[in-house]
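A.B. asks: Pasting a predicted model and its sequence here:
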Amino acid sequence: MATGTPPSSIDWTQDRDGLALALANLASQAGQAVMAIYADGFDVIDKTDGSPLTRADLAADEVVAKGLRTLAPSIPVLSEESAETVDPSDLGDVFFVVDPLDGTKEFVQKNGEFSVNIALVENGVPTVGVVYAPAHNKMWLAGDVAFAAKVHPGETLSSEDIREITTCPDPDQPIRAVASRSHKDAKTQAFLGKMSGCNTTTIGSALKFCLVAEGQADVYPRFGPTMVWDTAAGIAVLHAAGGVVLDENNAPMRVHFGKDGWRNGAFTAWGCEKLKNKTDTNG
Ligand SMILES: Nc1ncnc2c1ncn2[C@@H]1O[C@H](COP(=O)(O)O)[C@@H](OP(=O)(O)O)[C@H]1O
Ligand SMILES: [Mg+2]
């Protein structure tokens, strides 16, 4: 079944898997815009926080913003590229969170490890998420159920193209960890060092959540800074696949505007909460 543009009167909070598919198709279009610039060449601007910005971030943001206005005009949008202009109190309880190009450092280095992230957040909980890696032709999407699919940038996905994914924890095997390629920190290294025999793969962007969600890794520890748009979509995918993302207080991580603005605290994303005991046992 190919999806066309759905009527804007749909209550998406009642059809989260349907929304996930519609957002996946939007991410595919944004990925097409990103890949055109990836092939074409681009300048890199340093933002005030030291992170890079390219015209691919802005082009993808425009595609996603326009698509969301058509799809769900009544739901507000918080995007990395326009967050400074958004008053958090105007967002209400239900809003979209967008990182049009997550892993811009990886994009600049041309290693393919970047993604388009779109999430629906309801009362602080990411309930729908899509993470699209256009350089890998790979989409992860989730509402009530988590799925993955092969999709080339710009292609339209239908419900027949997607396969269900779940996490794959095996408490008898050494932990497989994923960590940031470009943002390493001592606390993460210490955490990884506490797990005997742990194998760690480094990779950019929200792809780390997706590797845990589809059972290729067990844990993604993150003690260095991230923003809510880096994590919301990945949390939704991992949660629907059977995993959990815990904050510094071991509570499910929420999307919220706090003393550090939209910046997250430290978190650990697990394929299964029980695996957490392995850090305690072996630490
Ligand atoms: N000092 C900092 N403050 C806030 N966010 C940071 C940061 N350093 C890295 N990040 C976040 O980490 C993201 C990259 O994650 P990873 O290291 O897992 O690839 C960046 O996303 P962008 O590339 O969208 O800017 C950025 O939001
Ligand atoms: Mg990001």
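C.D. replies: Received the coordinates, thanks. Ligands and ions are numbered 1, 2, ... in the order given.

A.B. asks: Quick one: name whatever helix or strand follows the helix or strand harbouring residue 239.
C.D. replies: Using DSSP states H and E, residue 239 maps to helix 228-240. With elements assigned by DSSP H and E, the helix or strand that comes after helix 228-240 is strand 244-246.

A.B. asks: what about that next one, near ligand 1?
C.D. replies: No - figure legend: strand 244-246 not in contact with ligand 1 (Cβ under 6 Å from any ligand atom); closest approach 13.7 Å. Every C-beta, even on glycine, is put in place using the N, C-alpha and C of the backbone.

A.B. asks: which other residues reach the next helix or strand after that strand?
C.D. replies: Using DSSP H and E, the next helix or strand after strand 244-246 towards the C-terminus is strand 267-270. With contact meaning Cβ atoms under 8 Å, 6 or more residues apart in numbering, strand 267-270 is reached by 169, 191, 208-209, 212, 218-222, 231, 234-235, 238, 243-248, 253, 276.

A.B. asks: Are any of the residues you listed buried, and if so which?
C.D. replies: 169, 191, 208-209, 212, 218-222, 231, 234-235, 238, 243-246, 253 (16 or more other Cβ atoms under 10 Å).

A.B. asks: Go through stretch 194-209 and flag the buried ones.
C.D. replies: Judged by neighbour count using 16+ other Cβ under 10 Å, the buried positions of stretch 194-209 are 195, 198, 200, 203, 204, 205, 206, 207, 208, 209.

A.B. asks: can you check stretch 172-180 too?
C.D. replies: 175, 176, 177, 178, 179, 180.

A.B. asks: Looking at those residues, which are in helices?
C.D. replies: With DSSP state H as the criterion, helices contain none of the buried residues of stretch 172-180.

A.B. asks: Out of those, which is nearest to residue 30?
C.D. replies: residue 180 (22.3 Å; Cβ to Cβ).

A.B. asks: Does that closest one touch residue 224 like I think?
C.D. replies: Yes - the criterion here is Cβ atoms under 8 Å, and residue 180 meets it with residue 224 at 6.8 Å.

A.B. asks: Can you pull the residues that touch both of those two?
C.D. replies: Both residue 180 and residue 224 are in contact with residue 188, where contact means Cβ under 8 Å, 6+ apart.

A.B. asks: still on that earlier bit, among the buried residues of stretch 194-209, which are in helices?
C.D. replies: Per DSSP H, the buried residues of stretch 194-209 map to helices at 207, 208, 209.

A.B. asks: Wait, residue 99 touches residue 116, no?
C.D. replies: Yes - applying Cβ under 8 Å, one finds residue 99 in contact with residue 116, separated by 7.5 Å.

A.B. asks: how about the residue in the stretch 151-283 of the chain positioned nearest to ligand 2, what does it touch?
C.D. replies: Using Cβ to the ion, the closest approach of the stretch 151-283 of the chain to ligand 2 is made by residue 230 at 4.0 Å. Contact analysis of residue 230 by Cβ under 8 Å, 6+ apart lists 99, 102, 117, 205, 206, 264.

A.B. asks: What's opposite the second one in the beta bridge?
C.D. replies: As for beta bridges, residue 102 partners with residue 115 under DSSP bridges.

A.B. asks: would you say residue 108 is within a helix?
C.D. replies: Yes - the assignment for residue 108 is a helix, going by DSSP: H, G, I helix; E, B strand; the rest coil.

A.B. asks: Who are the contact partners of the residue in the chain that ligand 2 sits nearest to?
C.D. replies: Closest to ligand 2 within the chain is residue 102: 3.5 Å, counting by Cβ to the ion. Going by Cβ under 8 Å, 6+ apart, residue 102 touches 114, 115, 116, 117, 205, 206, 229, 230.

A.B. asks: do that again at 6 Å, thanks
C.D. replies: Residues in contact with residue 102 (Cβ atoms under 6 Å, 6 or more residues apart in numbering) are 115, 117, 205, 206, 230.

A.B. asks: before we move on, back to that, can you put the buried residues of stretch 172-180 in JSON lines and add distance to ligand 2 and pLDDT?
C.D. replies: Output for the buried residues of stretch 172-180, formatted as JSON lines (distance: Cβ to the ion, whole Å; pLDDT from 0 to 100):
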{"residue": "175", "distance to ligand 2": "25", "pLDDT": "94"}
{"residue": "176", "distance to ligand 2": "23", "pLDDT": "96"}
{"residue": "177", "distance to ligand 2": "20", "pLDDT": "97"}
{"residue": "178", "distance to ligand 2": "16", "pLDDT": "98"}
{"residue": "179", "distance to ligand 2": "15", "pLDDT": "98"}
{"residue": "180", "distance to ligand 2": "11", "pLDDT": "98"}
